[in-house]
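In: Test case, fold it:
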Amino acid sequence: MFKKMKIGLGITFLFVLAFVYKRSRPPGCLFSCERSPEHFLMEADDVSQKSGIIFVEATDRLLIPPLVSCSVESAARAYPDRPVLFFVKGMKNNTWRDSVSTSPAFTLLSAMENVFLLPFEMETVFQDTPLLPWYHKVNPAQERYWLHVSSDASRLALIWKYGGIYMDTDVISIRPISLENFLTAEDFQFAGSAIFGFSRHHKFIWDCMEDFVQNYRGEIWGHQGPRLLTRMLKALCPVTNFHNVEDINCQNISYLHPQRFYPIPCGEWNRYFQVWEKSPEFNNSYSMHVWNYMNREHKPVVAGSNTLLENLYKTYCPTTYKALIQGPVGS
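Out: Okay, here's the model as predicted:
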């Protein structure tokens, strides 16, 4: 018994030592100093008591594209005092070293002081939530939109467990939002599920998970995502039209105007790949959702093209831009 207590105390001491070390590093190391791998792969519960920014890579890919890297980096820069938790499905506890060393994006993200790369296992994520029985029952092979449905479920469970702000990996952060409990209007009819934020164990998220299971319609696009958040919000209060660029308060949940995160609507997504005569300031926005699922031709960001998206990269994720878009000088 005494020996087990000594081992337990030793492990606790190591975690405390790692935490103190991370907090004692000079400010200049936030995005440049090399970081030992042991300091960026930890259990989510050990990262911080602060609610963070949560991203999920729900596919098994490990060579993530520049847009994903830009999303995570821009959040790390916009929220320097909050942990940025990047859950990666393809990253396993026994292979994470190889994953990081062979992925340029993971290498540069792991050097950022407040970014944490974490393994993502649905079975674990859904524990102690209404989603676990659904997960045991559903057959992914028979689901038309399994990737999207499982991602919709995962973001709800993660925000319920840890609190904070969930963002899709095609969201570029430009300035921080200080609100705790909020939903975002994708347009004037639907709440978006690409960005939302709630405190840990908020009743609204629990109710959303229950509705997810009780009214599950995996064959309908968006039924478990934007449509779910929309119907749950409308059940709380009648959501009226926005006046000017003003947000709506619904029982202490802020419902944010489309300009906050979707200043360029879905149908105009191609404007991100166009050259603008005058660079927009987006003064009413916190982040930019760039609608990557609409980019079916996989248009890339090209160095020197002067498109809106290239300029967003340069401004809000310069490390990603230099390493993954611009490349070595002269290449």
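In: where do the helices sit along the stretch 151-300 of the chain?
Out: Under the criterion DSSP state H, counting those that start in this stretch, the stretch 151-300 of the chain contains helices at 203-214, 226-236.
In: surely L158 meets I54?
Out: Yes. If you go by CB atoms under 8 Å, L158 and I54 touch, sitting 5.3 Å apart. From N, CA and C alone the C-beta is placed, and that goes for glycine too.
In: Which one's more surrounded, the two?
Out: Per other CB atoms under 10 Å, whichever of L158 and I54 has more neighbours is I54, with 25 against 22.
In: Would you quantify the distance from that one to F116?
Out: Distance, I54 to F116, by CB to CB, to the nearest Å: 10 Å.
In: try A76
Out: Using CB to CB, A76 is found at 10 Å from F116.
In: overlap in contacts of these two?
Out: Taking CB atoms under 8 Å, 6 or more residues apart in numbering as the criterion, A76 and F116 both touch V84.
In: Can you show me the strands along the stretch 1-150 of the chain?
Out: Shown for the stretch 1-150 of the chain, the strands assigned by DSSP state E, counting those that start in this stretch span residues 52-57, 84-88, 115-119.
In: again with the stretch 151-300 of the chain
Out: Counting by DSSP E, counting those that start in this stretch, the stretch 151-300 of the chain has strands at residues 164-167, 171-173, 182-185, 191-198, 248-250, 253-256, 287-289.
In: so how many other residues sit close to Q274?
Out: Residues lying near Q274 (other CB under 10 Å) number 12.
In: Not counting its neighbours along the chain, what's nearest the residue nearest in space to the middle of the chain?
Out: Centroid-nearest residue in the chain: F55, 2.5 Å away (criterion: CA atoms, centre = their mean). Counting by CB to CB, 6 or more residues apart in numbering, F86 is the residue found nearest to F55 once chain neighbours are left out, at 4.7 Å.
In: between the helices of the stretch 151-300 of the chain, which gets nearest to Q251?
Out: helix 226-236 (5.2 Å; CB to CB).
In: From the contact counts, what lies against the closest one?
Out: Applying 3 or more CB pairs under 8 Å, 6 or more residues apart in numbering; DSSP states H and E, one finds that helix 226-236 contacts strand 191-198, helix 203-214, strand 253-256.
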